[in-house]
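Q: Okay, sequence plus prediction incoming.
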Amino acid sequence: MKFVQIIGFATERLEEMQQLMEEAGQRNEGRTGGPTHRMLLKDRDKPNHYLAVIEFESYEEAMRNSADPETSKLAEQLGALSFGERVYTNCDVLESGDLK
């Protein structure tokens, strides 16, 4: 079953965060496992508030990714660029599909 983690965070340094994510994606190209899809959402009602949606093939794959030292390093770097509490929501994907 696919698994999605949604991370809510606030930052005034979004461009720096996006650069770190881009670099991490380049380092992980061709690597098996890890995230299969990501999406970054900007909250229209809360300035500087964002949601990162990260999809994995399974919960187990997400946990393997979380245990990777590179993932921990990236999370620490991203955390230093954000303020306030990060909110994590872990979801099993019950249904997914394109509407158009």
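A: Everything's here; your move.
Q: so the spatially closest residue to H37 that is not a sequence neighbour, which of the three states?
A: Among residues not flanking H37 along the chain, E55 sits closest, at 4.0 Å (Cβ to Cβ, 6 or more residues apart in numbering). Any C-beta I mention is one placed from the backbone N, CA and C, and that applies to glycine too. State at E55, reduced to three classes by DSSP: H, G, I helix; E, B strand; the rest coil: strand.
Q: just for this structure, where's the confidence low?
A: Scanning the chain for pLDDT under 70 picks out nothing.
Q: Tell me if I am right that Q18 is in a helix.
A: Yes - counting by three-state DSSP, Q18 is found in a helix.
Q: That one: neighbouring residues, count only.
A: 11 (other Cβ atoms under 10 Å).
Q: strands paired with the biggest strand by length in the chain, and their directions?
A: Determined from DSSP state E, the single longest strand within the chain is strand 83-92. If you go by DSSP bridges, strand 83-92 pairs up with strand 3-10 (antiparallel).
Q: Can you name the residues in contact with the strand it pairs with?
A: The contact list for strand 3-10 (Cβ atoms under 8 Å, 6 or more residues apart in numbering) reads 46, 48-59, 61-62, 78, 82-84, 86-93.
Q: Any quick PyMOL command for the buried ones out of these?
A: Listed next is the PyMOL selection for buried residues among these, using 16 or more other Cβ atoms under 10 Å:
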select buried, resi 50+52+53+54+55+56+59+61+62+78+82
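Q: list the contacts for T11?
A: So T11 contacts 17, 48, 50, 81-83 (Cβ under 8 Å, 6+ apart).
Q: element containing the closest residue to L51 other than its chain neighbours, please.
A: The shortest distance from L51 to any non-neighbouring residue, by Cβ to Cβ, 6+ apart, is to L41 (4.3 Å). Element membership for L41 (DSSP states H and E) is strand 37-42.
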